[in-house]
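**Q** my questions are about this predicted structure, shown below with the sequence.
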Amino acid sequence: MPQVGKKAPSFKLSDSSGKKISLSDFKGKKVVLYFYPKDMTSGCTREACDFRDAFPNFKKIKAVVLGISNDSIEMHKKFIDKYKLPFTLLSDYKKEVVEKYGVWKEKNMYGNKYMGIERTTFIIDEEGMIMKIFPKVKVAGHVEEVLNALKEN
């Protein structure tokens, strides 16, 4: 898994319109890169809506919000449209970026083991270095934690 103070792994993924987006597109800006398990599920919807509701605060401090899951481009488009999300969702359907960032992990639900995305957020600085990592995110209060961390730096 990437570490604070190290260069964030580069990537190029498609957004909900099919446009290729890479981390280097945001050089000179702080990036909030949040990994989440699945569009349209309760926890992920709440997290996305929390980022949506706080979005003006991220814009004020010139921070970019990017969400990544392995859902399809089409599913991301539906998710964005349904909840009027003002930020970019990227599709990592090949699971390359989730593996690079160390968030593709074995999970356990009701005694069943399976592989999935562990909800994790990275704050990346203007030079592409990792400033802060929030592992095993609990959705309630998370967006405020991220904003506070950005304001401290």
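**A** Now that the structure is in, tell me what you want to look at. Numbers count the residues shown, from 1 in each chain.
**Q** for this protein, what's the longest helix?
**A** helix 42-60 (DSSP state H).
**Q** buried residues, that helix. List them.
**A** For helix 42-60, burial by neighbour count (16 or more other Cβ atoms under 10 Å) applies to Cys44, Thr45, Glu47, Ala48, Asp50, Phe51, Arg52, Phe55, Phe58. For glycine as for every other residue, the C-beta is placed from the backbone atoms N, C-alpha and C.
**Q** check which element follows the helix or strand bottoming out on mean pLDDT in the chain along the chain.
**A** Ranked by mean pLDDT, DSSP states H and E, the helix or strand of the chain with the weakest confidence is strand 104-109, at a mean of 88. As assigned by DSSP states H and E, the chain's next helix or strand after strand 104-109 is strand 112-117.
**Q** quick one: contacts of the very next helix or strand once past that following strand?
**A** Next in sequence after strand 112-117, counting helices and strands by DSSP H and E, comes strand 120-124. Under the criterion Cβ atoms under 8 Å, 6 or more residues apart in numbering, residues 2, 8, 23, 26, 30-35, 101, 103, 130-137, 142, 146, 149-150, 153 lie in contact with strand 120-124.
**Q** and what of stretch 82-95?
**A** The contact list for stretch 82-95, computed with Cβ under 8 Å, 6+ apart, reads 11, 13-16, 21, 39-40, 45, 48-49, 51-52, 55, 58, 64-73, 75-76, 79-80, 97-98, 104.
**Q** same thing but 7 Å
**A** By Cβ atoms under 7 Å, 6 or more residues apart in numbering, the surrounding residues in contact with stretch 82-95 are 13-16, 21, 45, 48-49, 51-52, 55, 65-73, 76, 79-80, 98, 104.
**Q** okay, strands next: where are they in the chain?
**A** Applying DSSP state E to the chain gives strands spanning 12-14, 20-22, 30-35, 63-69, 88-91, 104-109, 112-117, 120-124, 130-134.
**Q** next one: the fifth one to chain centre, how far?
**A** Which is strand 88-91. 8 Å (Cα atoms, centre = their mean, to the nearest Å).
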